[in-house]
Every structure is written in C-alpha cells, then in structure tokens.
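S.K.: Requesting a structural model of the entry that follows:
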Amino acid sequence: MNKASVHIPDLSSEFAFRTSRSSGAGGQHVNKVDSRVELRFNVPASQLLSERQKELLLQKLANKLTSEGDLLIVSQEERSQIRNKEITVEKFYALLQKTLQPVKKRRPTRPTRSSVEKRITAKKQMGEKKKRRGKIDF
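M.R.: Modelled structure (predicted):
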C-alpha cells in the first residue's frame, strides 16, 4: 500500500545552521574542523507553513521542540561538514513528512466465526484439564 505524500514547501530559506566540533575519533583533524551540524527551524515563526501544519507540528513534536519552538536536528555521522548538513536536511524533511502524514482511521473488525469457535474449544479443553487435577478418591 503506497501512502500519499504530503505537500511540504521548500523551507530551506528558514533554516539556521550552526556548526561545532564533532565528538568521537578522528585524529588531529577533528580538533581543527567544525564537522558537527545543527539545523534549527522555528516552527511558530515559519511563514511558509500553513497554520494547520504548524499546529500539527507543535502538537506531535512537542518533546523535540525547545521552549522557543525551535526544532533541532543534529548530525555528526560523517567527517564532512557538507555531508552532515545534507543529512540534517534529509532528516528534517523525513520528520516533517512523517509528522504531517494523516493518520489512517481504524476500521473496527469482528472476529471470524471459526476463530471464536477455536477460542471457546481451547478454553473448554483447558477447563477440562484443570478439572482432572482434583483429588483422587480411594
């Protein structure tokens, strides 16, 4: 089943990037280069998102937002700052796509007749087994 994609405008003009030194192994080079990239996106201040989209993001991503409403996404997976920047942008759009995807309504179903019968026979068998565990009269 293929999900319909949600239209998300190009939000790159509202991104704020910050770089810093990445943690972990890397030798002498890691101490000189800011390869860790942090993407900041202020949800309430966005002019490209609709009010409904902002509402959904603020509700569903409440635990990922700062007190100012900034969504932070960090990448330090690669040694290249440019690649880490690309990764943060990919993560951002994937998160937005997943968050703004409408939730499919659950259609309640009923158990089939055979599954009900199987359950009842299994319960009766278990009851019989427990009945046979009683004391033996001599």
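
S.K.: Against V89, how distant is the nearest residue to S13 once chain neighbours are set aside?
M.R.: Closest residue to S13 apart from its sequence neighbours, by CB to CB, 6 or more residues apart in numbering: L48 at 7.6 Å. The way it works is simple: take the backbone N, C-alpha and C, and place the C-beta from them, glycine included. Look at L48 and V89: by CB to CB, to the nearest Å, they are 15 Å apart.

S.K.: returning to that earlier point: count of residues packed around the residue nearest to S13?
M.R.: By other CB atoms under 10 Å, the residues close to L48 number 12.

S.K.: could you pull out the helices for the protein?
M.R.: If you assign secondary structure with DSSP state H, the helices in the chain sit at 51-60, 81-100, 113-131.

S.K.: any idea which of these is most buried?
M.R.: For those, the largest average neighbour count (mean count of other CB atoms under 10 Å) is found in helix 81-100, namely a mean of 16.
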